[in-house]
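Enquirer: requesting a structural model of the entry that follows:
(2 chains)
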Number of protein chains: 2
Amino acid sequence: MTYTHETAPTQYVEANGIRFAYRRFGKPGGMPLVFNQHYTGTMDYWDPAVTDGLAQSREVILFNNAGVSNSSGETPSSFQEMGANALAFIRALGLKQVDVLGISIGGFVAQEIALQGGDFVRKLILVGTGHRGNDMTASRSAEIFAGSYDPPEHLWLAVHFKPTETSRKAGLAFIERKLSRRDRDPEVSEQTVAAQGEAIGKWITPGENALDYLKSIKQPTLIVQGSDDAIIPTIHSLTLQQNLPNAQLIIYPDSGHGSIYQYPELFVAHARLFLGA
Amino acid sequence: MTYTHETAPTQYVEANGIRFAYRRFGKPGGMPLVFNQHYTGTMDYWDPAVTDGLAQSREVILFNNAGVSNSSGETPSSFQEMGANALAFIRALGLKQVDVLGISIGGFVAQEIALQGGDFVRKLILVGTGHRGNDMTASRSAEIFAGSYDPPEHLWLAVHFKPTETSRKAGLAFIERKLSRRDRDPEVSEQTVAAQGEAIGKWITPGENALDYLKSIKQPTLIVQGSDDAIIPTIHSLTLQQNLPNAQLIIYPDSGHGSIYQYPELFVAHARLFLGA
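Expert: Down below sits the predicted model:
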């Protein structure tokens, strides 16, 4: 039986004293791709058009990091610790090498996984994300997350899409795809929200040599971003590209933080070209 | 008989009182792609890996603009006039609609073709280029073109590639591909060099609303650039992306002005995704 985003059962594996919830599906045999989720998201927040699209040519692994939703333990308050937990989880699956994708703060975790994992991580995809010491002055994040939405799910329209007609329409289609799975994870706890917030505060603290760590991320990296990201300003993706030793940057038109949910087929094609196969 | 970059005969067509030299090859039936060359270049300066790669799925049209090499007339001293001449040439071929690619100052010409051609131009690919009122302070162009090279052909290593080992190696392979065709165009005249130089001077003159014209380029556009373009600084590609109504940007790692010659297969794949088919 071939599982999909909708049908893959939630499984559990223990590592670092944490019981990690995960789902695994797609074409076996190649290099698996491990997905790292954004602020307050669970495995159910991914776009099936992206995960199933990539699962055509490789195994896709979704998981909830420590303390998130149905994974046990506490969510730590630094991305370094989240990266260490993620790496422990991936190693517990018995994999020899993996590719890693992260969106938003999941991109911060992905960078930590690449730094700590070395050769264990083959390639990296960073979506709608930034670097340590990110200047968030231009971010409209606080205002967007403080807003009220009817239905509440439309928060994610404001986070991931632009107010243009085309982007909003793509956003509504994304939300429909996202909600298609029946067997869903519990939402994250207050502890997770607080710890992720604290970790963000530490990450964006300016530092004189804040960008130096990027030189140590040797993995070939694909950076993907929207033309106008309201959460993590688009310019930081260029800064990432300019400071990583081996990074390709793709910016999509008329799009925001969740650009890959606006152009899922194009992103899957770009990611496949980058990852190979 | 199927022609390639190496074997396509040079043909001539008359328009605007000019006899244009051109070559046409590739898969007929789809949307042809018209190539606009960089400073002092002729049809022989394109990379066969790029032209033949794209010719697998469409017709590729190379030409020398007015006054350039074996095309008659004088090279005009503005990109607006070069765009008008290019458009006259394309229309003289009896085509209903085309896609247009330009590299470097060929990207300036391509923008003028798109502005003047309207719906006649379907999609645009801009490589290693910039916009009107480009700030050239960071360009190392003057120094690079003033240098002496042994062999002289290695000027193009300095123009199109970075001094890293990987980029230089790709550059040497490009030059070998570029020189493979036997039946070659004459080099450009002093008149062409002077007129192109004058046109560049006008184009980069700063102006308060220098970017406004980009709003009128409605064609879906793919912008491609190297991570560190010594001729037209990389940042201008982001400015283009941010100001064009519908533009995708791709920046390749470890590369310069001629990024598409460093990654010809990847560029062909990206261009095919963008153009369709």
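Enquirer: get me the contact residues on chain A for chain B.
Expert: Within chain A, the positions adjacent to chain B are A:220, A:227, A:234-235, A:238, A:241-242, A:244-254, A:266, A:269-270, A:273 by CB under 8 Å from any CB of the partner chain. The C-beta positions use only the backbone N, C-alpha and C, and glycine is treated the same way.
Enquirer: tell me how far residue A:3 lies from residue A:26.
Expert: Taking CB to CB, to the nearest Å as the measure, residue A:3 falls 8 Å from residue A:26.
Enquirer: who has more neighbours out of these two?
Expert: Each of residue A:3 and residue A:26 has its neighbours counted (other CB atoms under 10 Å in any protein chain shown); residue A:26 has more, 24 against 15.
Enquirer: that one: what's it in contact with?
Expert: Residues in contact with residue A:26 (CB atoms under 8 Å, 6 or more residues apart in numbering or on different chains) are A:54-60.
Enquirer: per-residue confidence at it?
Expert: The model reports residue A:26 with a pLDDT of 98.
Enquirer: report how many residues lie close to the residue nearest to it when sequence neighbours are not counted.
Expert: Nearest residue to residue A:26, sequence neighbours excluded (CB to CB, 6 or more residues apart in numbering or on different chains): residue A:55, at 3.0 Å. For residue A:55, the neighbour count with other CB under 10 Å is 22.
Enquirer: so who does residue A:55 touch?
Expert: A:4-5, A:25-27.
Enquirer: take those and write them to a markdown table, including distance to residue A:158 and secondary structure.
Expert: Putting the contacts of residue A:55 into a markdown table (distance: CB to CB, whole Å; DSSP: H, G, I helix; E, B strand; the rest coil) gives the following:
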| residue | distance to residue A:158 | secondary structure |
| --- | --- | --- |
| A:4 | 28 | coil |
| A:5 | 24 | coil |
| A:25 | 30 | strand |
| A:26 | 31 | strand |
| A:27 | 35 | coil |
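Enquirer: closest one to chain B out of these, please.
Expert: Of all the contacts of residue A:55, residue A:27 has the smallest distance to chain B: 20.4 Å, by CB to the nearest CB.
Enquirer: wait, the closest one sits on residue A:58?
Expert: Yes. Assessed by CB atoms under 8 Å, residue A:27 is found in contact with residue A:58 at 5.9 Å.
Enquirer: neighbour count for the two, which is higher?
Expert: Each of residue A:27 and residue A:58 has its neighbours counted (other CB under 10 Å); residue A:58 has more, 21 against 15.
Enquirer: of the contacts of residue A:26, buried ones?
Expert: Neighbour-count burial (16 or more other CB atoms under 10 Å in any protein chain shown) is assigned, among those, to A:54-55, A:57-60.
Enquirer: all helices of chain A, in order?
Expert: Remark: helices assigned in chain A by DSSP state H are A:48-55, A:79-92, A:105-117, A:141-146, A:155-160, A:165-178, A:190-203, A:235-243, A:259-262, A:264-275.
Enquirer: circling back to that earlier point, what's the farthest-apart pair in the contacts of residue A:26?
Expert: Distance extremes for these: the farthest pair is A:56 and A:59 at 11.0 Å, using CB to CB.
Enquirer: quick check: neighbours shared by these two?
Expert: Among the neighbours of residue A:56, those also in contact with residue A:59 (CB under 8 Å, 6+ apart) are A:26-27.
Enquirer: tally of neighbours for the residue nearest to residue A:174 when sequence neighbours are not counted?
Expert: Distances taken as CB to CB, 6+ apart put residue A:261 closest to residue A:174, at 4.3 Å, once the chain neighbours are dropped. Applying the criterion other CB under 10 Å, we find 29 residues in the vicinity of residue A:261.
Enquirer: pull the contacting residues for residue A:261.
Expert: Residue A:261 sits in contact with A:47, A:49-50, A:160-161, A:170-171, A:174, where contact means CB under 8 Å, 6+ apart.
Enquirer: most neighbours out of the residues you listed, which is it?
Expert: With neighbours defined as other CB under 10 Å, the most crowded of the contacts of residue A:261 is residue A:160; it has 30 neighbours.
Enquirer: so that one sits against residue A:260, correct?
Expert: No. Residue A:160 is beyond contact range of residue A:260, at 9.2 Å (criterion: CB under 8 Å).
Enquirer: now, the contacts of residue A:26 that are in strands?
Expert: A:59-60 (DSSP state E).
Enquirer: about what we covered before: what is the nearest of the contacts of residue A:55 to residue A:138?
Expert: Among the contacts of residue A:55, residue A:5 lies closest to residue A:138 (CB to CB), at 33.4 Å.
Enquirer: ok, that closest one - contacts?
Expert: Listed by CB under 8 Å, 6+ apart, the contact partners of residue A:5 are A:25, A:46, A:48, A:51-52, A:55, A:181.
Enquirer: show me where pLDDT drops low in the stretch 151-277 of chain A?
Expert: Under the criterion pLDDT under 70, the flagged ranges of the stretch 151-277 of chain A are A:277.
Enquirer: just the buried ones among the residues of chain A next to chain B, please.
Expert: A:220, A:227, A:234-235, A:238, A:241-242, A:244, A:247-254, A:266, A:269-270, A:273.
Enquirer: nearest residue to residue A:125 in space, please, no chain neighbours.
Expert: Nearest non-adjacent residue to residue A:125, counting by CB to CB, 6+ apart: residue A:101, 4.1 Å away.
Enquirer: please tell me how far the one you found sits from residue A:206.
Expert: Counting by CB to CB - residue A:101 and residue A:206 are separated by 27 Å.
Enquirer: which one of these two is surrounded by more residues?
Expert: Comparing residue A:101 with residue A:206 by other CB under 10 Å, the one with more neighbours is residue A:101, at 27 against 9.
Enquirer: quick check: residue A:217 touching residue A:114?
Expert: Yes. Counting by CB under 8 Å, residue A:114 is a contact partner of residue A:217 at 4.9 Å.
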